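# Return atomic coordinates for the entry below.
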Amino acid sequence: MKQHKDGKPGSPYDKSPRLVPLAITCVVLCGLSFYLGGIFFSEKNKIEANNVKVATIASSKEAAITPLQVKSSTFGECSADYQDYTPCTDPKRWKKYGVHRLTFMERHCPPAFERKECLIPPPDGYKSPIKWPKSRDQCWYRNVPYDWINKQKSNQHWLIKEGDKFLFPGGGTMFPNGVGEYVDHMVELIPEMKDGTIRTAIDTGCGVASWGGDLLDRGILTLSLAPRDNHEAQVQFALERGIPAILGIISTQRLPFPSNSFDMAHCSRCLIPWTEFGGVYLLEVHRILRPGGFWVLSGPPVNYENRWRGWNTTIEEQKSDFEKLQDLLTSMCFKLYNKKGDIAVWQKGSGESCYKKLANPDVYPPKCDDSIEPDAAWYTPLRPCVVAPGPKIKKSVLESIPKWPERLQVASERISDVPGGSAATLKHDNGKWKVRAKHYKKLLPAIGTDKIRNVMDMNTVYGGFAAVFVDSPLWVMNVVSSYAPNTLPVIFDRGLIGTYHDWCEAFSTYPRTYDLLHVDGLFTAESHRCEMKHVLLEMDRILRPLGYAMIRESTYYIDAIAVMAKGMKWSCRKEDTEYGIEKEKILVCQKKLWYASN
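Prediction:
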């Protein structure tokens, strides 16, 4: 064996003197090969970018050099029977899905080859919606021409058809004397409704959203939730009135909201079987309700002692149902907060002692283990377990969070869960939006007037649009992409509302429900997943005739978007951003009012 100078044994393959020049030669050749290959592929990519005809992008450098080019084309009209088309909750496709737990009413989006690439026509006689606040009490019949709900619910004063309008007298199944009186009774039971403690609420099984409409005057922002069912267009009525609403149902999947979000949840004879299937529906309400928040129930089995005769049941059955409900709520760390007449109120626990008991293996429902993400809520199955508030939620407990409107400007503890998120980040975002707001109002003077009521910020970060225009007569649906950093908990902590969504699919709403859509770099962020024309056609579906879209995008996409928008009968103009930079522009578009030619 060969020996080293120091006497240590050497490898039989030790040929260092020869390897050194050989290694240097290899490095030089590899470097030269890499350099030449880089030049070749760079030129190849430039050629491909020049020939592109569909919405794809290879790199940001090419985007700056060669704007995306698309052929001009005109989208055809859908047939008239698509006037209320909701792609992911389409009754025509219900038979494909099971009836167990009404799963057929959940989101089931059509496959790519079944997607409609046509423009949804308005009903015959459609007119621009009545302006807020008059719209809360009336809407044009021809805009939502549904007779079944009128015939079935007029005796309960949900709505009344009078001439060419629907009137909303504010009645409901559990408040025949009007929603105002009903809410007054509720405020007596929950004083926190009148001092800014409660700001956000969700109404499950909302009817025509009269409860949410009344709360707007009381400083409470309510998101009304209802499925597309035999009540026809509850959510469309709500949005036509200018009241926040979204299509949805508690069935087998979580609602598209983060945990510990709403300050209050409400069910007025919403017919949800709360104690069935292991209480999973109530567990979902528990998940989305903020610790210290309130759950309000009116209708069966509350006040069964006086109401049971009208419910086609026996007093014994209703008593048993109420006791089951109370036991289930107690097992989830709710406590009965107040009860009077037809209204019962429970409060979600915020202390650790109750939730610690759920770790006992003999307890039902059990505490969810750490593998279950509390905020995962996009096509996420319901779990038969309690999502216990984590240690970071302490300052987000209802009694700890600042009251409205102070909470709007406060960075919640959960902002630290967002990559790069901090109080300084939120302060910077607020400052940015103050500058944007002034510029936006110059570009679109209708913002802040009664011409714009329902607004969607299609890919928000912290809800900046909603925050800066909070004193305007509009409300904002803050949408956070299911693929983006999870900022939605921060938005709810600020006292705003929103939802998760994936823009490769249709949104959970009816056609013609928003006055303004705001987009900020959505196509840049999602073009690798979502086809541009499908996103734009979805925007057209949900935008009201004569409504507006403000599309803030890189110069790579902006001209291509304008071409497609023209094919959707939109008129657009390209404007500078507030900073006048070349790499980003704003398209200000307006949708034309047209009627089906057939």
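# what's in contact with stretch 357-373?
278-279, 283, 331-333, 355, 374, 380, 383-388 (Cβ atoms under 8 Å, 6 or more residues apart in numbering). Backbone N, C-alpha and C define where each C-beta goes, glycine included.
# what packs against the longest strand along the chain?
The longest strand of the chain (DSSP state E) is strand 543-554. Identification of packing neighbours for strand 543-554 by 3 or more Cβ pairs under 8 Å, 6 or more residues apart in numbering; DSSP states H and E yields strand 514-520, helix 522-526, helix 555-567, strand 584-591.
# Any idea how far the helix or strand harbouring Val480 is from the middle of the chain?
Under the criterion of DSSP states H and E, Val480 resides in strand 475-481. With Cα atoms, centre = their mean, to the nearest Å as the basis, strand 475-481 stands 6 Å off its chain's centre.
# now it: mean pLDDT?
Strand 475-481 shows a mean pLDDT of 98.
# Just after it, pick out the following helix or strand.
Taking DSSP H and E, what comes next after strand 475-481 is helix 488-493.
# partners of the very next helix or strand once past that next one, with directions?
On the C-terminal side of helix 488-493, the closest following helix or strand by DSSP H and E is strand 498-501. In the sheet, strand 498-501 lines up against strand 475-481 (parallel) (DSSP bridges).
# relative to strand 514-520, how tilted is the partner strand?
40 degrees (axes from the mean of the first three to the mean of the last three Cα atoms, to 10 degrees).
# oh, and call the first residue 315 from now on, that's how I've got it
In the new numbering, first residue 315, that becomes strand 789-795.
# thinking again about what came up before, contact partners of the strand holding Val794?
535, 556, 558, 560, 767-774, 777, 779-780, 783, 800-802, 805, 810-817, 821, 828, 839-840.
# Identify the spatial nearest neighbour of Val794, chain neighbours not counted.
Leu802 (4.4 Å; Cβ to Cβ, 6 or more residues apart in numbering).
# do the same with Glu598
According to Cβ to Cβ, 6+ apart, the nearest residue to Glu598 is Ile564 (5.4 Å).
# The one you found: what's it in contact with?
Ile564 touches 518, 586, 595, 598-599, 696, counting by Cβ under 8 Å, 6+ apart.
# neighbour-wise, which of those residues leads?
In terms of neighbours by other Cβ atoms under 10 Å, these top out with Val599 at 25 neighbours.
# Spatially nearest residue to that residue (excluding sequence neighbours)?
Sequence neighbours aside, Ala579 is the residue nearest to Val599 in space, at 5.2 Å (criterion: Cβ to Cβ, 6+ apart).
# For that neighbour, what is the enclosing helix or strand?
With DSSP H and E as the test, Ala579 turns up in strand 576-582.
# any idea which helix or strand comes after that strand?
Counting by DSSP H and E, what follows strand 576-582 is helix 594-602.
# so how far is the next helix-or-strand element following that next one off the chain centroid?
Sequence-wise, the next helix or strand downstream of helix 594-602 (DSSP H and E) is strand 603-612. Remark: strand 603-612 is offset 20 Å from the chain centroid, using Cα atoms, centre = their mean.
# What strands flank strand 603-612, and is each parallel or antiparallel?
In the sheet, strand 603-612 lines up against strand 576-582 (parallel), strand 657-662 (antiparallel) (DSSP bridges).
# For Lys430, which of the ones you listed is the nearest?
strand 576-582 (33.5 Å; Cβ to Cβ).
# and Lys638, that one's in a strand?
No. Counting by DSSP: H, G, I helix; E, B strand; the rest coil, Lys638 falls outside a strand, being helix.
# Tell me how many other residues crowd it.
15.
# okay but it is in contact with Thr589, surely?
Yes. Under the criterion of Cβ atoms under 8 Å, Lys638 makes contact with Thr589 at 4.7 Å.
# which residues sit in contact with the residue nearest to Val794?
By Cβ under 8 Å, 6+ apart, the contact list for Leu802 reads 571-572, 575, 689, 792, 794, 812-814.
# May I ask which two of the residues you listed are separated the most?
Pairwise distances across the contacts of Leu802 peak at 14.9 Å for Asp689 and Asn792 (criterion: Cβ to Cβ).
# Among these two, which residue is more densely surrounded?
Per other Cβ under 10 Å, whichever of Asp689 and Asn792 has more neighbours is Asn792, with 26 against 20.
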